[in-house]
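K.L.:
sharing a model that was predicted from the sequence below.
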Amino acid sequence: MGGATRPGYIADMSDAFTMPGGFRLLPGYFDRAAQQALIDLVVTASRSAPFWRPAMPRTGQPLSVQMTNFGPLGWVTDKAKGYRYEACHPETGQPWAPMPDTLLTLWREVSDYPAEPEACLVNWYAPTSKMGMHIDWDEEATDAAVVSVSLGDKARFRLGGPKRGGKTASMVLSSGDVVVLGGASRRCYHGVDRIYPGSSTLLSDEHFPGGGRINLTMRRVTIPG
Ligand code: MD3
Ligand code: FE
């Protein structure tokens, strides 16, 4: 059971969560002007590669987030073919917008990886969107970190271990925060429990009706060389 059972303690050892190695949170990495510039790049990219709502493999159940990508490869999913990386948008058949220089610079600064990222998944969370606990398995370059940028409304992010159903810890991610998932943390369960609607003014109603949160995740997909 654990927790709040012994006088003078708020937790016992059965509540302990050991942070997986290689996890780094860089709070406030991007200032407001840089956040705005990144959102402008997302808006521009979405003109040639519009946000769409991907579907789960087999069931065809739509995800609660809308997506697009930057870079030579983009993560996609649909009922028939499931999770994979593709060079072109599933609906327009056109290539994704190029990876922005700001994101390449961030990758070089924090990833400690000797090759460029190939994909940047752009997730748009509406105020009611969530992302269930999962592990990202679709990249061949298993030794490369994932680098994430949070923009817009705050979110409660949850990190677990390598097995489903183990202990987890949650933290609130705010606009401008960067998370680096390297080492063991790269193969850990994680998800987004909730968005805090109206906690940021970054996403304009014009381009993001209802507001919400944008999360950018850069990934190396193929093994370099
Ligand atoms: C921990 N995105 O796109 S970002 C995803 O906020 C994804 O949109 C979440 O999970 C979001 O796959 C979380 C932080 C993140 C990304 C990848 C990870 C955390 C991770 C991979 C392994 C462990
Ligand atoms: Fe993920």
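P.N.:
Nice, I can see it. Ligands and ions are numbered 1, 2, ... in the order given.
K.L.:
give me phi/psi at the residue of the chain found nearest ligand 1?
P.N.:
Ligand 1 sits closest to N215 of the chain, with a gap of 3.3 Å, by C-beta to the nearest ligand atom. To be clear about C-beta, it is placed using only N, CA and C from the backbone, and glycine gets the same treatment. When quoted as degrees, to the nearest 10, the phi and psi of N215 stand at phi -120, psi 130.
K.L.:
residue contacts, it?
P.N.:
122-123, 125, 148-151, 155, 192 (C-beta atoms under 8 Å, 6 or more residues apart in numbering).
K.L.:
with M171 instead?
P.N.:
Contact analysis of M171 by C-beta under 8 Å, 6+ apart lists 25, 156-157, 159.
K.L.:
ok, the residues you listed vs T105, which is closest?
P.N.:
L25 (19.1 Å; C-beta to C-beta).
K.L.:
and the residue of the chain closest to ligand 1, what's its pLDDT?
P.N.:
In this model, N215 is scored at 98, pLDDT.
K.L.:
strands of this structure, start to end?
P.N.:
Assigned by DSSP state E, the strands in the chain fall at 23-26, 66-70, 74-76, 84-86, 119-125, 131-134, 146-152, 155-159, 169-173, 178-181, 190-195, 213-219.
K.L.:
list the buried residues of the fourth one.
P.N.:
When burial is assessed from 16 or more other C-beta atoms under 10 Å, strand 84-86 yields the following buried residues: Y85.
K.L.:
against I39, how distant is the residue nearest to G183 when sequence neighbours are not counted?
P.N.:
For G183, ignoring the flanking residues on the chain, the nearest one in space by C-beta to C-beta, 6 or more residues apart in numbering is G22 at 2.3 Å. Distance from G22 to I39, counting by C-beta to C-beta, to the nearest Å: 28 Å.
K.L.:
more neighbours, these two?
P.N.:
For G22 versus I39, neighbours defined as other C-beta atoms under 10 Å are more numerous around I39 (19 against 16).
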